[in-house]
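Asks: Just a sequence and a predicted model for now, questions to come.
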Amino acid sequence: MGRRAKPAKVEAEAKRPFTRKAPKKGAPRAHELEKRLAEAHAQVTEGLEQQTATSKILRVISSSPTDVQPVFDTIAESAVRLCGGLFSGLFQFDGELIQHVAWHNVTPEALEEMRRIFPARPTRALMTGRAILERAVVHIPEVLELDLELSVQVVGRTLGFRSGLWVPMLREGTPIGVIAVTRAEPGRFSDNEIELLKTFADQAVIAIENVRLFTELQARTADLTRSVDELIALGEVGRAINSTLDIETVLKTIVVRANQLAGTDRCTIWEYDETAEEFRQRASSYADEREAAILDSFGRATPIPKGRGLAGRAALLREPAQIPDIMIEGVYESPWRTPQLQAGYRALLAVPLLREEKIIGVLGVSRKTPGVFDPETVRLLQAFAAHSALAIQNARLFREIADKSAQLEERVQVRTADLRQSQQELRALSGRLLLAHETESRRIARELHDDLNQGLALLSVEMELLGQNPPESAGQLGGRMQELTARVRQLSSSVHALSHRLHPAQLEQLGLVATVRGLCRELAQAHGLEIEFIHHQMPEVIAPDTALCLYRLVQEGLRNAIKHSGAQHVGVDLTGSADAVSLRIVDDGVGFDPRLIQGKEGLGLVSMRERVIHLDGEITINSRPSNGTRIDARLPLVAMDQAERT
């Protein structure tokens, strides 16, 4: 039988007291001084080498903020050289598995053995696993004296090492890796060598954290940049919709900006013709304009029948549809397949244009690289599709109005002279409505320019300054990133608030009383104003036009009180009766002299009067300087029901 194995000598790190042997009595003093001088010189040389190695590692960390591998490689080489090792290795731990990530002076046979063992879960049989589990240095002076069940003995015989040192990398006490150094001869590692490897472990942790923080910073910066670009593009599209009735200009703006932000090679908007049951190309944009001449002529000459191609599929499903690679046979059957392949396009995405669940058209993009479109791109194109649907719907409504106006004009021309006065009154009313519409559009445009665009411009400048002069500490950087994130959220809230002012969705969902109560509460909190809202005997059902009119009256009345009157208290009273709904708004502001503004009323007062007159209602506005303002409006229920039926 073989010799019985000795007990294991796996040792945790321990400090040994420094002792100095006394010189033998009678030894020459010169010899003693020479020996001490040699020892001091060796210590200085060793310390200088260690300091040089740590400085080198720090320089590598500084020069490689996005890649930790050069740092690992430098640590592995320095550990072998300064500890007189046979070979070294670095291991990372992700909470489940240990991965072998760097090595130095390892033979091909040894490397093959390491690849056989790792990745592995941490166990006490593996010295790397023991260092991770115990969160302490594992020191083995003699591998052959270990218990046979420890795999390090087998590995040591295979790889040719007799002693080893395993130092854990700890991040706030949590193990994230191990540095290992082995020697071909048995023997202990010195305290200086153990401390050196612990320093290397700390530097490896710093490198890992730097890469993680830098990667997170890049990702957050990219997200913020993309969000700002999207807001700017959508703001540009919104301004185009509000500033012109030229549908071609609006759709061209949409496809150009969508193509740029989505990073695609072609973007097209197809409008659905219900009569012909086909999609017709309306606007397109190309990353390479040389392709426009061929594909545009083909697209305008080749409408897509209902239910055919990717556009038909997206329209049928009422949701985005995509094809990662049209080169695959059978996945895309369309007359468009051949010309798109000839142009180099591989991946397609179609997003339906919906307005109240009705198909308006399709927005499609093409890309020359195959693959699935990421969710962020799909979401972005859905936003552009919503704007496209609104623009096309507005153009259709405008065409309908234009057609009806032309028909009306033809009928008026053949009528008798007795109807000419009615024709003049109708034209005057149309002019007032158009003036109110244009004035409202300008107000919305001003809000977009004064608030959203200036906020976006300021945010863009601050981000550029942050990129040029990043803070020195991660804490300061995190604080700045939080400030910028809050600014983006504030801008998003501004866009949401503007959308709410354009059309209050709560009115349809919650009813007039609840919506007005919410408006009063919101404005009171936002402007520090006391707003008292009361209601009496309000009917359960109110025609939508009348509810919207009353809501707009309250909205405009409160807005005037906040903006112009300097009021501290405003009262809002809604009262229902058998045949009408009455509204009263009273503030204690500075008031004004109605005689001085006759013929000079602003858009708010004109809009309030026009809304009430349109529903056959009555409105009076009473005010005196220093005595506040009172607005009284009355809308008949009979007129409301008739308006709803028509």
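Replies: Structure's in. What do you need?

Asks: CA-only coordinates of stretch 190-209, as PDB, when you get a sec.
Replies: The C-alpha trace of stretch 190-209 is given here as PDB (Å, rounded to 0.1, in the frame of the first residue of the first chain):
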ATOM      1  CA  SER A 190       5.700  35.800   1.000                       C
ATOM      2  CA  ASP A 191       3.500  38.300   2.700                       C
ATOM      3  CA  ASN A 192       4.600  40.900   0.200                       C
ATOM      4  CA  GLU A 193       3.600  38.700  -2.700                       C
ATOM      5  CA  ILE A 194       0.200  38.000  -1.100                       C
ATOM      6  CA  GLU A 195      -0.400  41.700  -0.600                       C
ATOM      7  CA  LEU A 196       0.700  42.400  -4.200                       C
ATOM      8  CA  LEU A 197      -1.900  39.900  -5.600                       C
ATOM      9  CA  LYS A 198      -4.600  41.500  -3.300                       C
ATOM     10  CA  THR A 199      -3.700  44.900  -4.900                       C
ATOM     11  CA  PHE A 200      -3.900  43.300  -8.300                       C
ATOM     12  CA  ALA A 201      -7.400  41.900  -7.400                       C
ATOM     13  CA  ASP A 202      -8.500  45.400  -6.200                       C
ATOM     14  CA  GLN A 203      -7.300  46.900  -9.500                       C
ATOM     15  CA  ALA A 204      -9.200  44.200 -11.500                       C
ATOM     16  CA  VAL A 205     -12.400  45.100  -9.600                       C
ATOM     17  CA  ILE A 206     -11.800  48.700 -10.400                       C
ATOM     18  CA  ALA A 207     -11.400  47.800 -14.100                       C
ATOM     19  CA  ILE A 208     -14.500  45.800 -14.200                       C
ATOM     20  CA  GLU A 209     -16.500  48.500 -12.500                       C
END
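
Asks: That stretch: which residues count as buried?
Replies: For stretch 190-209, the neighbour count (16 or more other Cβ atoms under 10 Å) marks 193-194, 196-201, 203-208 as buried. From N, CA and C alone the C-beta is placed, and that goes for glycine too.

Asks: now swap in stretch 352-363 and tell me
Replies: 352-354, 359-363.

Asks: quick revisit: in TSV: the buried residues of stretch 190-209, plus pLDDT.
Replies: Output for the buried residues of stretch 190-209, formatted as TSV (pLDDT from 0 to 100):
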residue	pLDDT
Glu193	92
Ile194	93
Leu196	91
Leu197	93
Lys198	93
Thr199	92
Phe200	92
Ala201	92
Gln203	90
Ala204	91
Val205	92
Ile206	90
Ala207	89
Ile208	89
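
Asks: quick one: which two of those residues are the most distant?
Replies: Greatest spatial distance in these: Glu193 and Ile208, 22.8 Å, computed using Cβ to Cβ.

Asks: Sitting in strands, which of the buried residues of stretch 352-363 do you find?
Replies: Using DSSP state E, the members of the buried residues of stretch 352-363 that fall within strands are 352-354, 359-363.

Asks: now, which of the buried residues of stretch 190-209 sits nearest Ala102?
Replies: Using Cβ to Cβ, the buried residues of stretch 190-209 come closest to Ala102 at Ala204, 9.3 Å.

Asks: what are the bridge partners for the nearest residue to the closest one once chain neighbours are set aside, then?
Replies: Of all residues not flanking Ala204 in the chain, Met169 sits nearest, at 5.2 Å (Cβ to Cβ, 6 or more residues apart in numbering). Judged by DSSP bridges, the bridge partners of Met169 are Gly177.

Asks: Now for Met169: which residues touch it?
Replies: Counting by Cβ atoms under 8 Å, 6 or more residues apart in numbering, Met169 touches 175-179, 201-202, 204-205, 208.

Asks: Next step: those residues restricted to strands.
Replies: 175-179.

Asks: Just send those back as JSON lines, with distance to Gln92 too.
Replies: Formatted as JSON lines, the ones in strands among the contacts of Met169 follow (distance: Cβ to Cβ, whole Å):
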{"residue": "Pro175", "distance to Gln92": "10"}
{"residue": "Ile176", "distance to Gln92": "7"}
{"residue": "Gly177", "distance to Gln92": "4"}
{"residue": "Val178", "distance to Gln92": "9"}
{"residue": "Ile179", "distance to Gln92": "11"}
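
Asks: mind listing what's buried in the one helix or strand Arg411 maps to?
Replies: Here Arg411 sits within helix 375-414, counting by DSSP states H and E. Neighbour-count burial for helix 375-414, with 16+ other Cβ under 10 Å as criterion, is recorded at 377-378, 380-393, 395.

Asks: Same question for stretch 301-309.
Replies: 303-304, 306, 308-309.

Asks: Dump those to CSV, plus distance to Asn560 and pLDDT.
Replies: CSV is the format used below for the buried residues of stretch 301-309 (distance: Cβ to Cβ, whole Å; pLDDT from 0 to 100):
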residue, distance to Asn560, pLDDT
Pro303, 51, 87
Ile304, 51, 87
Lys306, 50, 86
Arg308, 54, 85
Gly309, 53, 86
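
Asks: Any chance of a markdown table for these, columns secondary structure?
Replies: A markdown table is the format used below for these (DSSP: H, G, I helix; E, B strand; the rest coil):
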| residue | secondary structure |
| --- | --- |
| Pro303 | coil |
| Ile304 | strand |
| Lys306 | coil |
| Arg308 | coil |
| Gly309 | helix |
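
Asks: With respect to Glu540, which of the ones in strands among the contacts of Met169 is nearest?
Replies: Ile176 (64.5 Å).

Asks: Can you report how many residues lie near that closest one?
Replies: Using other Cβ atoms under 10 Å, Ile176 has 20 neighbouring residues.

Asks: Neighbouring strands - and their directions - for the helix or strand where Arg634 lies?
Replies: Under the criterion of DSSP H and E, Arg634 resides in strand 629-636. Using DSSP bridges, strand 629-636 pairs in its sheet with strand 580-587 (antiparallel), strand 618-623 (antiparallel).

Asks: and Thr369, which of these is closest to it?
Replies: Comparison of the strands paired with strand 629-636 against Thr369 by Cβ to Cβ identifies strand 580-587 as nearest, at 59.3 Å.

Asks: now that closest one: mean pLDDT?
Replies: Looking at strand 580-587 alone, the average pLDDT works out to 93.

Asks: what separates it from the chain centre, distance-wise?
Replies: Relative to the centre of its chain, strand 580-587 is centred 44 Å away, using Cα atoms, centre = their mean, to the nearest Å.

Asks: swap in stretch 580-597?
Replies: 45 Å.

Asks: can you check stretch 133-144 too?
Replies: 47 Å.

Asks: cool, stretch 348-355 as well?
Replies: Worked out by Cα atoms, centre = their mean, stretch 348-355 lies 22 Å from the chain centre.

Asks: Repeat that for stretch 94-103.
Replies: Taking mean C-alpha positions (Cα atoms, centre = their mean), stretch 94-103 and its chain are 32 Å apart.

Asks: buried ones in that stretch?
Replies: 98, 100-103.

Asks: among these, which are in strands?
Replies: Per DSSP E, the buried residues of stretch 94-103 map to strands at 98, 100-103.

Asks: Distance check, Gly344 against Arg290.
Replies: 12 Å (Cβ to Cβ, to the nearest Å).

Asks: now the buried residues of stretch 190-209 in CSV, with distance to Glu134?
Replies: Shown next, in CSV, are the buried residues of stretch 190-209 (distance: Cβ to Cβ, whole Å):
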residue, distance to Glu134
Glu193, 19
Ile194, 15
Leu196, 20
Leu197, 16
Lys198, 14
Thr199, 20
Phe200, 19
Ala201, 14
Gln203, 21
Ala204, 18
Val205, 17
Ile206, 22
Ala207, 23
Ile208, 21
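
Asks: between those residues, which is nearest Leu58?
Replies: Out of the buried residues of stretch 190-209, the member with the shortest distance to Leu58 (by Cβ to Cβ) is Gln203, at 6.9 Å.

Asks: How many residues are close by the closest residue in space to that closest one that isn't next to it in sequence?
Replies: In space, and not counting its chain neighbours, Gln203 is closest to Ile57: 4.9 Å by Cβ to Cβ, 6+ apart. Ile57 has 22 neighbours, counted by other Cβ under 10 Å.
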